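J.: Need coordinates for the below:
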Amino acid sequence: MLVLSNDDVKSVLDMQGTMSALRVGYDDLKRGEATYGPRIDYYLPTGRDSDYYQWGNMVGASSSFGVVAIRMKSDIASWPDGKTQEKYCVKPGLFCGLVMLFSASDGAPLAIIQDGYLQHMRVGGSMGIGVDLLARSDATSVGMLGSGGMARSFLEAFVLARRVDTVRVFSPTKANRDAYAKEMSEKLGIQIDSVGTPEEAVRGALIVASATDSMVPTFEPEWLSPGAHVVCVTRRELSEALISRSDVIVQLGINTVPFGTPMPMIEWKAGGISSFVAGSVQDRARIPDARAASTGEYPLMLEVETGKVPGRISDEQITLFIGTGTQGLQFASVGGHVFREATKHGLGHELPLDWFLQDIRD
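T.: Take a look at the predicted model:
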């Protein structure tokens, strides 16, 4: 069994490969040869008044790649100002996210993959597929809110889906947005301007992306131009006003157990994620509840692709692509692609398979 680091993943995974792998997974899903489950989180008090333990998991399977994947993330989470989520594992600056792959042919554990780079790429790739499906054909201008890893992978995907030639980027820290503009302009060969307000980034852009860790909406929908296509990293960034302003709303897939499903002990927390929460009433009050805008259900991307429901039908419509859902399938598809390429190139650290097998029936 292979253990693959972020560096291993980065050496075999680019955005073109990511989007191709995702399309293979979604083609499997259309044929009934792939599946995935909803994201479910678990919360446990840490014994401190300032944070909570949060464990999340996503599962999916792809026949073309012949794998089942489970992605797990282990965080100490906090919401210091109610506007952002902070998290770490062990100590600030470190994180724990792992993808485990299993063979669908014999059940063998195939790989444990660090999820950091893969996570950014699979999210960006899915947003690029959404742009390809819903953005205007002449959408060449981007307004980017955020300057972190997701903002980088988003833009890499956008330029594969459309002939992007101008980008305006805003994030609260000037040094970060300036560095993003310089780095991505050199990498992609396009004009990127760092701007001082979110309004400057959004106005006039035909692709508007919010790629932040915000727990609250990051821009005013009234700034949107007719025909704009909007994407957000999480449902936490959505507002009721944006939902109302959008003419077409499509979600990537089923994100979590739908809001209001009658299940004992289940709750819906920040971003509308179904969660099981341990702790006293006072403990639980530290975790933000889902806002209404984050719990809606809309037509699925595959329903638009197969013609069951319409997508964009005019250049004046504002389209909103809610890029959450199918996470487990994405990890199976992109993880399966990474495993194949890493095996070809002899990457990773091998662990004896018998460490993971036993002769006691479970």
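
J.: my read is residue 200 is in a helix, agree?
T.: Yes: Residue 200: assigned to a helix according to DSSP: H, G, I helix; E, B strand; the rest coil.

J.: Could you count how many residues lie near the closest residue to it other than its chain neighbours?
T.: Nearest residue to residue 200, sequence neighbours excluded (C-beta to C-beta, 6 or more residues apart in numbering): residue 168, at 6.2 Å. In short, each C-beta sits where N, CA and C put it, glycine included. If you count neighbours by other C-beta atoms under 10 Å, residue 168 ends up with 23.

J.: Tell me if residue 168 really is in a strand.
T.: Yes: under three-state DSSP, residue 168 falls within a strand.

J.: hang on, isn't it packed against residue 155?
T.: No: at 11.6 Å, residue 168 and residue 155 do not qualify as touching, with contact defined as C-beta atoms under 8 Å.

J.: what's the overlap in contacts for the two?
T.: Taking C-beta atoms under 8 Å, 6 or more residues apart in numbering as the contact rule, the neighbours common to residue 168 and residue 155 are 142, 144.

J.: just to revisit the earlier point, can you read off the pLDDT for the residue nearest to residue 200?
T.: For residue 168, the model assigns a pLDDT of 98.

J.: What are the structural domain limits within this structure?
T.: Annotated domains of the chain cover 2-118+328-350, 126-263+296-325 [automatic domain parsing].

J.: As TSV, these with distance to residue 269 would be great.
T.: Converted to TSV, these look like this (distance: least, C-beta to C-beta, whole Å):
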stretch	distance to residue 269
domain 2-118+328-350	7
domain 126-263+296-325	10
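
J.: wait, which of those domains is closest to residue 276?
T.: Nearest to residue 276, of all the domains of the chain, is domain 2-118+328-350, at 5.2 Å by C-beta to C-beta.

J.: Average pLDDT for that closest one, rounded please.
T.: Taken as a whole, domain 2-118+328-350 has an average pLDDT of 97.

J.: and the end-to-end length of that domain?
T.: 5 Å (C-alpha to C-alpha, to the nearest Å).

J.: got it, and stretch 195-209?
T.: End-to-end distance for stretch 195-209: 15 Å, by C-alpha to C-alpha.

J.: Stretch 216-223 now?
T.: Length of stretch 216-223, first residue to last, C-alpha to C-alpha: 17 Å.

J.: List the buried residues for that stretch?
T.: Buried residues in stretch 216-223, defined by neighbour count with 16 or more other C-beta atoms under 10 Å: 217-219, 221, 223.

J.: quick revisit: how about the contacts made by the residue nearest to residue 200?
T.: For residue 168, the contact set (C-beta under 8 Å, 6+ apart) comprises 141-144, 192-195, 200-201, 205.

J.: Dump the C-alpha coordinates for stretch 24-33 into CSV.
T.: Only the C-alpha atoms of stretch 24-33 are listed here, as CSV (Å, rounded to 0.1, in the frame of the first residue of the first chain):
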residue,chain,number,x,y,z
VAL,A,24,-14.7,10.4,-16.0
GLY,A,25,-16.3,10.2,-12.5
TYR,A,26,-19.3,12.1,-13.6
ASP,A,27,-19.7,10.1,-16.7
ASP,A,28,-19.7,7.0,-14.4
LEU,A,29,-22.4,8.6,-12.3
LYS,A,30,-24.6,9.2,-15.4
ARG,A,31,-24.3,5.5,-16.3
GLY,A,32,-25.1,4.4,-12.8
GLU,A,33,-21.5,3.2,-12.4
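
J.: No more questions from me, cheers.
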